[in-house]
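> coordinates for the following, if possible.
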Amino acid sequence: MAAATVAAPAVPERAASPAAPPPGPAPFDFSKPPVIEGFSPLPRLKEETFKEKFMRKTKENPFVPIGCLGTAGALLYGLRAFHQGKTRQSQLLMRGRIFAQGFTVVALVVGVLGTALKPK
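As a prediction, the model looks like this:
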């Protein structure tokens, strides 16, 4: 009996070239912003700190922080009254909290609409 030898198909070996880019998406440099074709961002004059931004937004729409403080105050005072067993006062303060939340939402919507309709 003659032994049949099975020859493996000849696959040319790929030479690894060190200068060739790896397959797949192009590498991205995370230290630079992405380049988007046809888009040029507006330059920022200076970075705003948290305090500066908070003060600017408060001056633009002062009713939002007022509503937030009213909501938080009614909630805290209402929880304190509930803890002390004053259920009637607690219920009234929770209703006041709902009113203050509604006031805040309306102030937000009016502020957004006012900003969107303001001429640039």
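
> tell me, what residue is most central in this structure?
Nearest to the geometric centre of the chain sits residue 50, at 15.3 Å (CA atoms, centre = their mean).

> can you give me the pLDDT of that one?
For residue 50, the model assigns a pLDDT of 92.

> and the longest helix for the protein?
Looking across the chain with DSSP state H, the single longest helix is helix 87-117.

> what is that one packed up against?
helix 63-83 (3 or more CB pairs under 8 Å, 6 or more residues apart in numbering; DSSP states H and E). For the C-beta atoms, the positions are set from N, CA and C on the backbone; glycine is no exception.

> name the residues that touch the helix it packs on?
Applying CB atoms under 8 Å, 6 or more residues apart in numbering, the contact partners of helix 63-83 are 57-58, 89-90, 93-94, 96-97, 100-101, 103-104, 107-108, 110-111.

> widest-spaced pair of the residues you listed?
Pairwise distances across the contacts of helix 63-83 (CB to CB) peak at 33.6 Å, for the pair 57 and 89.

> sorry, back to before: okay, the angle between the longest helix of the chain and helix 63-83?
Between helix 87-117 and helix 63-83, the angle comes out at 170 degrees (axes from the mean of the first three to the mean of the last three CA atoms, to 10 degrees).
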